[in-house]
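K.L.:
model this:
(2 chains)
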Amino acid sequence: MIRNARKDTLIAYVLIAPFVAIYGLIFVYPTIDMFILSFKDAPLIAFGPQTAEWTGLDNYTRLPDDRRFGTAFWNTAYFVLLSVVPGTLVALAIALGITRLSGRLQSLVLALFFLPYILPVSVVYRIWDWTLNFQFGIAMHLFDTLGIDRVPIFKTSTWFMPAVAFVTIWWTCGFSILLFLAGLRAIPAEIYEAAELDNANRWTVFRKLTWPLLWPVTALVLTIQLILQLKIFDQVYLFSVGGRPNDNLVMVYYIYQRAFQNDDGGRAAAIAVVLFMIVIIVSVLNFQLLRLAERKT
Amino acid sequence: MKHLMGLALGATLATAAQAQETVVWWDFLSGGDGVRMKTLIDDFNAAHEGEITIDATTLEWGVPFYTKVQTSVAVGEAPDIMTYHASRIPLAVSQGVLQPITDADWEQMGLGQDDFAEATWNAVTVDGAQYAVPLDTHPIVLYYNRDLLEQAGRLSEDGTPMGLDSREGFEETLAALKDAGVPYPLASVTADGNFMYRTIYSLMGQQDGELLTDGEFLAGDNAEKLENALSLLQDWTTNEWQSTYTDYPATVALFTSGEAAMMINGVWEVPTMNDLAGEGRLFDWGAVELPVIFDHASTYADSHAFAIPANNGVDEGSAKRDAVLEVMSWISDNSLFWATAGHIPANAGVTASDEYSQMEPNATYSTLTSNMIFDPQSEFSGVAGPMFDVMSTYFVPTLNGEMDPAEAVEEIQYELNDM
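P.N.:
Numbering: from 1, shown residues only, chains lettered A, B, ... in the order given. Modelled structure (predicted):
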C-alpha cells in the first residue's frame, strides 16, 4: 500500500491540534500577555491590559532600587541554598537506608517517610504551628523542660527561613526518596557482588559504584528541587501572615503582594518576568553543569 | 416591633417589585458573625416570601474575597449585593468595583446621613458620593476579668478596671495584677502586627496623630506620635505586663483561661465570651472602651457595609435594584440582632432603642461611638491591604523588644511612602 504522506501529515496535525490549542490558550497566550503587561502601568484586572498606558521599561528600571524586591530576591536565593542540596542529601540518605530493608518492613518505612508528601500545605502549616507555636507549641514545653529559652521561631528573621526550609524538606523529600529508590533498584546486583569479591568496603562501594551510577537521578532530583524551590510561596505565606511579611518576602510572594494587594498588574508582571528568566537561566545552567559533572566521573 | 415595621415596609415595596426577585448575595462572614447573619437572611426570606429571596454564599475573608469581587466585576458576573469593609472602599472606588448609592436610593431605603455616626458616614464616602450602606461599626475594646482585678484590688465600684483615665493609672493596674501573681496582666496579639495595628492606630488617635496627611505618610510630628505608641507598648513588654509573640487564637485562649487578666480585642469576640459564660465556663467578665493613655479617648474602628458591585445589571430603576435596596434597608432596620455578634449597629435608630441600651456589654462600650477613628482614606488602607503588611513587619519585632521604636518608625515611614 502506498502511503499518502500529505494525508499522514494532515492527520498528525489534526491529532495534535487539540493539545496545541489548549497549550496556546492556557500557557502561550497568558505568557505573552504577561510580557506585554510588564511594560504598562496596569491594574491587575478590570479594564486593564488593553487600555492601560505604556510606561516603557519603568517597571523594570525601578526594581534595583525597590527594597522589597531586594529582600525577595535574596530571601529566595537563601531559601534555595537551604533547601535544594540539603533536601537532596537527606532524601538520598533515607533512600540508602530503605534499600537495606526488605519485604513488609521496607514498605512500611517507605510509607512513613512518604506520608508527609501527600499532605496539603495547609495541613503541614497547622502541624508545624502546633509544634512550634511560641505560647502553646509542643516543642516549647520540651524547651521548658530542658531549660532552654523559648524561641519565637516563625517571628524572627534569623529562624524563619531555616525553619521553613526544614519544614519543606520534611514535607517534600518523600518524592525525592521514591526517585532515588527507583534509581538504586536499577543498579544491577552483579556489580555489588563483584565489588564484594574484590573486598571493597562500604564506603568505597558507595563512592565508586552507587554515587556515580546514581548520578543521573541525583541530577534530576537537584533540577526538580531547584525549580520547585525558586517558586516557593505557600509555606512562606502561611507562616508569615500577620507576622513579619515584608521581612520574609520571596519572589512569588512579592508578585502576589504587588498583584493582589496593591493592584499593580504591571509591576507584578515585571517581577514575574524576572523570575521567569531566573528560573530558565538557572535550570538550564544547572542541568548543563550536572551533565558535565556526569561525563567527568 | 422592628420586625413588624420591616414587614410593613417589605409589603409596600413588594407591590412595586411585582414578580419574585432573587438577590444574589456574597459575604465574608464566617464564625459567630456568619451564624447570626444566616439567621437574619432566613428571617428576611420568611418576611418576603413570594417576593424576594436572598441566595447567599459565604466566601473566604480578606484578600481572596476582594480578589474574587474584582474579577467578577471585570467579567460582569458580580453578585447583586455584597458585604464590604468601609476601610477598603477607597481602593474599590479607584478600581471601579462599586456602584454609588444615589440620593434616590437613600430616599427609597428611608435612610440617610442622619441615621449614621459622622465617622461611619465619612468612611463610606469618597469625593462626596456614598458607595455602601454601613451595617455596623466594629471597634476594639478592653476585655477584663473581674475576679482577677478584684484580687489585685484594682476593680472600681462600677465593676470596671481602675485607672482607665491615664497612663499612670492603667500602668498601676497592670503592675498590681503582676504583683498579685497574674502571669500576663494584659493579653496582646504581639505576634500579629496586622492586629496590633488597630491598637497602635488608636493610641496615635489619642494624640491626634494622623497616618496620612495630604498624600504623605507620617508627615510632621506624626512619626513621633507613632513612636510614642510603640515605646509605650514596648515598655509593657519590658515590664512583663503583656504576653509576647502571642498570635490571635493564643491571645483569646490566655484570656479565657484566666492566665491573662485583660485583653484588647475586637468586639467580635463578645459572642465567644457570652457562649462560654452561658455554659458556666467563664469568670465574671466585662468589656469597656480602651483606656485613655495619652490626651483623649480614641478607638480604631472599621465598618461592615453593604455595597452594590458595578457592571452587574442592578441598574437604577430596575426591579432588581428595588429588591437590593429593600434587602439593605430591612437588614439595617433589623440590625439589633446583629448586635448580639458584638458589633455596634450603624443605624442610630437601632442603637437609640431601649432594647439596645439593655444589651451588655454592648451598652457599656457604645459610648466610644463618638471617639471612633477609621483608616485613612487611601488605596493602601484597609484590612488585608498593603499598609497592614508594612506595619506588621516592624510592629512584631518592636513590640517584643527586638527593635528600637525609633528605628521601626523610620523604616515604616520609608516603606509606607515607597508603596
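K.L.:
list the buried residues in stretch B:166-176.
P.N.:
If you call a residue buried by 16 or more other C-beta atoms under 10 Å in any protein chain shown, then stretch B:166-176 has these buried ones: B:169-171, B:173-174, B:176. Glycine gets a C-beta too; all of them are placed from N, C-alpha and C.
K.L.:
need the residues you listed in JSON lines with distance to chain A and pLDDT, can you?
P.N.:
As requested, those are arranged in JSON lines below (distance: C-beta to the nearest C-beta, whole Å; pLDDT from 0 to 100):
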{"residue": "B:169", "distance to chain A": "28", "pLDDT": "95"}
{"residue": "B:170", "distance to chain A": "23", "pLDDT": "96"}
{"residue": "B:171", "distance to chain A": "23", "pLDDT": "96"}
{"residue": "B:173", "distance to chain A": "23", "pLDDT": "95"}
{"residue": "B:174", "distance to chain A": "19", "pLDDT": "96"}
{"residue": "B:176", "distance to chain A": "24", "pLDDT": "95"}
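K.L.:
now, these that are in helices?
P.N.:
B:169-171, B:173-174, B:176 (DSSP state H).
K.L.:
now flag whichever of those is closest to residue A:116.
P.N.:
residue B:174 (43.5 Å; C-beta to C-beta).
K.L.:
hang on, the earlier thing: want to throw the buried residues of stretch B:166-176 into a markdown table with distance to residue A:242?
P.N.:
Shown next, in a markdown table, are those (distance: C-beta to C-beta, whole Å):
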| residue | distance to residue A:242 |
| --- | --- |
| B:169 | 31 |
| B:170 | 26 |
| B:171 | 27 |
| B:173 | 28 |
| B:174 | 24 |
| B:176 | 31 |
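K.L.:
so what's whichever residue of the stretch 301-419 of chain B sits closest to chain A closest to, chain neighbours aside?
P.N.:
Residue nearest to chain A within the stretch 301-419 of chain B (C-beta to the nearest C-beta): residue B:393, separated by 3.8 Å. In this structure, residue B:393 finds its nearest non-sequential neighbour in residue A:246, 3.8 Å apart by C-beta to C-beta, 6 or more residues apart in numbering or on different chains.
K.L.:
sec struct for that neighbour, please.
P.N.:
Three-state call for residue A:246 (DSSP: H, G, I helix; E, B strand; the rest coil): coil.
K.L.:
report the contact partners of residue 54.
P.N.:
All of this refers to chain A. Listed by C-beta atoms under 8 Å, 6 or more residues apart in numbering or on different chains, the contact set of residue A:54 reads A:39-41.
K.L.:
meant chain B, my bad for not saying
P.N.:
B:22-23, B:25, B:41, B:44-45, B:327 are the contacts of residue B:54 under C-beta under 8 Å, 6+ apart.
K.L.:
hmm, 6 Å instead?
P.N.:
Going by C-beta atoms under 6 Å, 6 or more residues apart in numbering or on different chains, residue B:54 touches B:23, B:25, B:41, B:44-45.
K.L.:
which SSE is it in?
P.N.:
For residue B:54, the host element (DSSP states H and E) is strand B:52-58.
K.L.:
list the buried residues for that strand?
P.N.:
Neighbour-count burial for strand B:52-58 [16+ other C-beta under 10 Å]: B:52-54, B:56, B:58.
K.L.:
separation between residue B:334 and residue A:27?
P.N.:
As judged by C-beta to C-beta, to the nearest Å, residue B:334 and residue A:27 stand 50 Å apart.
K.L.:
neighbour count winner among these two?
P.N.:
residue B:334 (20 against 10; other C-beta atoms under 10 Å in any protein chain shown).
K.L.:
circling back: which of the contacts of residue A:54 lies closest to chain B?
P.N.:
residue A:41 (13.2 Å).
K.L.:
so what's that closest one up against?
P.N.:
By C-beta under 6 Å, 6+ apart, residue A:41 lies in contact with A:52-53, A:55, A:266.
K.L.:
same thing but at 8 Å, please
P.N.:
A:52-55, A:58-59, A:266.
K.L.:
chain B: which of the residues you listed is nearest?
P.N.:
Using C-beta to the nearest C-beta, residue A:52 comes nearest to chain B of those, at 12.7 Å.
K.L.:
over to residue A:199: give its phi and psi.
P.N.:
phi 70, psi 30 (degrees, to the nearest 10).
K.L.:
how about the residues of the stretch 1-150 of chain B by chain A?
P.N.:
Contacts of the stretch 1-150 of chain B with chain A, taken as C-beta under 8 Å from any C-beta of the partner chain, map to B:63, B:67, B:70-71, B:73-74, B:91, B:95-97.
K.L.:
so what's the nearest residue to residue B:276 once chain neighbours are set aside up against?
P.N.:
Distance criterion C-beta to C-beta, 6+ apart; nearest residue to residue B:276, sequence neighbours excluded, is residue B:282 at 4.0 Å. Applying C-beta under 8 Å, 6+ apart, we find residue B:282 in contact with B:256, B:273, B:276.
K.L.:
mind giving me the packing neighbours of the helix or strand the second one falls within?
P.N.:
Think residue B:273. Secondary-structure assignment from DSSP H and E places residue B:273 in helix B:270-278. Judged by 3 or more C-beta pairs under 8 Å, 6 or more residues apart in numbering or on different chains; DSSP states H and E, the packing partners of helix B:270-278 are helix B:31-47, helix B:248-256, strand B:285-288.
K.L.:
one more time with 7 Å, if that's ok
P.N.:
strand B:285-288 (3 or more C-beta pairs under 7 Å, 6 or more residues apart in numbering or on different chains; DSSP states H and E).
K.L.:
any idea of the mean pLDDT for the next helix or strand after the strand it packs on?
P.N.:
Following strand B:285-288 in sequence order, the next helix or strand is strand B:299-302 (DSSP H and E). Averaged across strand B:299-302, pLDDT comes to 93.
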